[in-house]
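Asks: Sequence plus the predicted model coming up.
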Amino acid sequence: MDDKKRRYLLEKLNGGNTPFEEMKSALRIIGDKWSSLILICLFSGDSRFKDMQTSLPNLSPRTLSKRLKILEEAGLVTKQKFNEFPPRTIYTPTQKAYDLKEALAELHKWAKKYYPDC
């Protein structure tokens, strides 16, 4: 069977989606260099921007801000602003993010096993 026909049959079996389409969508959100690490910070209790900056010192404030916005738009993080002085903003992982927690923990175990010196 040629590659084009195989791809067509796989799309038919997957309801019109190409294989791994869901995985590709998920990796677009959490597969970059920082998003998974930001989620891990949130799981560990870092809920303020400054806390995350301290936990991830090589992450620029601009990139942290962009990634938090992407995670919020993806429904993985909620942002709550408090009208007080000084202004305070809290970021909280959603249930959708908590559903990823175990997968991220497994990825961390795998990374420690095969890349212990990095």
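Replies: Yep, it's here.
Asks: show me what contacts the residue nearest the centre of the chain?
Replies: Centroid check for the chain by Cα atoms, centre = their mean gives I30 as the closest residue, at 3.1 Å. Counting by Cβ atoms under 8 Å, 6 or more residues apart in numbering, I30 touches 36, 39, 76, 100. Placement of C-beta: from N, CA and C, glycine included.
Asks: I'd assumed D99 was in contact with the third one.
Replies: Going back to what we said before, that points to L76. No: with contact defined as Cβ atoms under 8 Å, L76 and D99 do not form a contacting pair (9.4 Å).
Asks: Just want to know which of these two has more residues nearby.
Replies: Neighbour totals were compared for L76 and D99, and L76 leads with 23 against 11 (other Cβ atoms under 10 Å).
Asks: what does the model give E21 for pLDDT?
Replies: pLDDT for E21: 78.
Asks: just R6 next, same as before
Replies: For R6, pLDDT reads 69.
Asks: Next: L104.
Replies: At L104, pLDDT is 93.
Asks: got the contact list for it?
Replies: By Cβ under 8 Å, 6+ apart, the contact set of L104 is 36, 39-40, 43.
Asks: Show me which pair in those residues is furthest apart.
Replies: Spatial extent of the contacts of L104 (Cβ to Cβ) is set by the pair S36 and F43 at 10.5 Å.
Asks: and these two? which has more neighbours close in?
Replies: Neighbour tally, S36 and F43, criterion other Cβ under 10 Å: the higher count belongs to S36, 18 against 15.
Asks: quick one: buried residues of the host helix or strand of the more buried one?
Replies: Per DSSP states H and E, S36 falls inside helix 35-43. By neighbour count on 16 or more other Cβ atoms under 10 Å, the buried set for helix 35-43 is 35-42.
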